[in-house]
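>>> the amino acid sequence is not available; the structure is as follows:
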């Protein structure tokens, strides 16, 4: 997995190195949008509420983009482990359902998991009638985040997959080289 690396060298010789995968960046974007929405709601004004709703919609879209990106990567990893081609499912809810079924079969744990709560939200998101975006607020956003986290935690626990991938060897080597300059 490639990562973006941002290196800042200050005049005094200090070095600041930031690295993140797109998954980490999407998660941080989601958290930032959610926090901005909360701060705008605290203003307790019509303008504050207007901007809060904008950030809540941005947070929701970012959360679903993050979820789909991670699920797509996990499906590719599962297919590679099985020596098969990744399945080409078009809908996020179908991808989550399929991944849940895979995780509940051997060689993984062979246990059951009820993803109904998450599938309800992904199904509403996929309806494309904008109803979910229209009605999102801080409470609903938190409920969806909890469902996403519960689902991802289950998949991570039974499969060994991770939502934030490890850096590939090339990125790790670059980071080691840059790190050696700091000493």
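Great, that's in hand. All of these numbers come straight from a predicted model, not from anything done at the bench. Numbers count the residues shown, from 1 in each chain.

>>> which residues are in contact with the residue nearest to the spatial centre of the chain?
Centre of the chain computed as the mean C-alpha position; nearest residue by CA atoms, centre = their mean is residue 66, 3.1 Å away. The contact partners of residue 66, taken as CB atoms under 8 Å, 6 or more residues apart in numbering, are 23, 26, 27, 30, 148. From N, CA and C alone the C-beta is placed, and that goes for glycine too.

>>> residue 157 too?
With CB under 8 Å, 6+ apart, residue 157 has no contacts at all.

>>> so it is in which element?
helix 138-159 (DSSP states H and E).

>>> about what we covered before: quick one: which of the contacts of residue 66 sit in helices?
The members of the contacts of residue 66 that map onto helices under DSSP state H are 23, 26, 27, 30, 148.

>>> give me the number of residues near the closest residue to the last one other than its chain neighbours?
With CB to CB, 6 or more residues apart in numbering as the criterion, residue 148 has its nearest non-adjacent residue at 5.3 Å, and that residue is residue 67. Each residue near residue 67 was counted by other CB atoms under 10 Å, and the total is 27.

>>> got it, and residue 106?
With other CB under 10 Å as criterion, residue 106 counts 6.

>>> look at it and give its secondary structure.
coil (DSSP: H, G, I helix; E, B strand; the rest coil).

>>> ok, back up a step: flag every buried residue along the helix holding residue 157.
Across helix 138-159, burial judged by 16 or more other CB atoms under 10 Å covers 141, 144, 145, 147, 148, 151, 152, 154, 155, 158, 159.

>>> which residues does the fifth one contact?
By that I understand residue 148. With CB under 8 Å, 6+ apart, residue 148 has these contacts: 63, 66, 67, 118, 121.

>>> let's have the contacts of residue 66 in CSV, adding distance to residue 132 and pLDDT.
Shown next, in CSV, are the contacts of residue 66 (distance: CB to CB, whole Å; pLDDT from 0 to 100):
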residue, distance to residue 132, pLDDT
23, 22, 94
26, 18, 96
27, 20, 97
30, 15, 98
148, 14, 98
